[in-house]
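Colleague: got a predicted structure plus its sequence, pasted below:
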Amino acid sequence: MFVATLVASGSMGQGDIAEAADRLRDAGCAPSDCCWLDTDKAADLFFAADPAAARAALAGMGAHIDLIVQASQTRAKALLIADMDSTMITVECIDELADYAGIKPQIADITERAMRGELDFAGALHERVALLKGLLDSAIDQCRAERVRVMPGAKALVRTMKARGARTLLVSGGFTRFTGPVAAEIGFDAHVANVLEIADGALLGTVETPIVDAARKRAELDAAIAQGVERELTLAVGDGANDIPMIQGAGLGVAYHAKPKTREAAAAEIVHGDLSVLLYAQGIASEHWVVA
């Protein structure tokens, strides 16, 4: 059995659910039950066959509706592995840090191209960090306090999954000086990121190697699976090209407001809503979310 979860960024009605059921029936997916998770907000439609056909049939249901299709028996996940910048937080930390050095446009352009997969990630990281050489160490803490904001739905997602026994891991091609506090604020069990090299109170323009790149993100997922988590019970979410191997390796890989290459590579995507869509995708209604 499979389930298609529809989540509206605003609201949807019974007519939307009926249309979705008709589309599934016409595609030969043999729909059966449907139920609201939250009335007018999120609903599940269960069906018996061909999830690929279901995704195609339900694509474009509405300009305000996100869709996740998956096997119903493995929808409750035991591991969440998530990117940080533009996924769990609203900004790209290196771009904001560059603003304190007066070079944000220059670095932001490189970041955008790297996240689109147009540049080698490692080379782009080293190039951007080199441009920050001499920036005071204190600017990192100032940037974090003034610029870093948690993405809507992030705390509820992580804390609810942890309350249900899941492990949560934050993996970033950014820096530990940001992932540590962000992971603690949101509630992640652990975090992995790059380490900026600093001496005499200023950035040296280098990072410790080996760096956290796409391969390392996938390796962290695979390591968790090797420790006893079934791949089908893993959830990965990210927005950039360096998240693609991790997303493709997870039981449910989700592109979150993502770059085109990442959207193309992912089995599911969130285009309209926030990270709480991933709770609905696991069949968890808002009354059961952990929000504090």
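Modeller: Sure thing, it's come through. Residues are numbered from 1 along each chain as shown.
Colleague: so what's residue 70 closest to, chain neighbours aside?
Modeller: With sequence-adjacent residues excluded and distances taken as CB to CB, 6 or more residues apart in numbering, residue 70 is closest to residue 252, at 5.7 Å. Glycine gets a C-beta too; all of them are placed from N, C-alpha and C.
Colleague: can you report how many residues neighbour the one you found?
Modeller: Using other CB atoms under 10 Å, residue 252 is surrounded by 25 other residues.
Colleague: could you do residue 236 as well?
Modeller: Neighbours around residue 236, by other CB under 10 Å: 30.
Colleague: check the one 10 residues further on too.
Modeller: Other residues near residue 246 number 26, with proximity taken as other CB under 10 Å.
Colleague: any idea what the residue nearest to residue 70 is bridged to?
Modeller: Beta bridges link residue 252 to residue 235, judged by DSSP bridges.
Colleague: pretty sure it contacts residue 269?
Modeller: No. Using CB atoms under 8 Å, residue 252 is not in contact with residue 269, being 11.2 Å away.
Colleague: can you count the residues close to the nearest residue to residue 251 once chain neighbours are set aside?
Modeller: Spatial nearest neighbour of residue 251, excluding adjacent residues (CB to CB, 6+ apart): residue 232 at 4.1 Å. Neighbourhood size, residue 232 [other CB under 10 Å]: 16.
Colleague: was I right to think residue 232 contacts residue 71?
Modeller: Yes. With contact defined as CB under 8 Å, residue 232 reaches residue 71; the gap is 7.3 Å.
Colleague: ok, which stretches of the protein are strands?
Modeller: 2-8, 31-38, 42-47, 65-71, 79-82, 167-175, 190-194, 196-199, 202-207, 234-238, 252-256, 268-270 (DSSP state E).
Colleague: tabulate the ones you listed in a markdown table, adding columns for distance to residue 109 and mean pLDDT.
Modeller: Listed next are the strands of the chain as a markdown table, based on distance: least, CB to CB, whole Å; pLDDT from 0 to 100:
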| stretch | distance to residue 109 | mean pLDDT |
| --- | --- | --- |
| strand 2-8 | 33 | 97 |
| strand 31-38 | 40 | 96 |
| strand 42-47 | 38 | 97 |
| strand 65-71 | 30 | 96 |
| strand 79-82 | 25 | 98 |
| strand 167-175 | 17 | 98 |
| strand 190-194 | 20 | 98 |
| strand 196-199 | 21 | 98 |
| strand 202-207 | 18 | 98 |
| strand 234-238 | 21 | 98 |
| strand 252-256 | 22 | 98 |
| strand 268-270 | 25 | 96 |
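Colleague: possible to save these as CSV with distance to residue 16?
Modeller: What follows is those, written out as CSV (distance: least, CB to CB, whole Å):
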stretch, distance to residue 16
strand 2-8, 7
strand 31-38, 11
strand 42-47, 8
strand 65-71, 7
strand 79-82, 28
strand 167-175, 32
strand 190-194, 38
strand 196-199, 48
strand 202-207, 48
strand 234-238, 25
strand 252-256, 21
strand 268-270, 18
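Colleague: pick the most deeply packed of the ones you listed.
Modeller: strand 234-238 (a mean of 29; mean count of other CB atoms under 10 Å).
Colleague: that'll do, ta.
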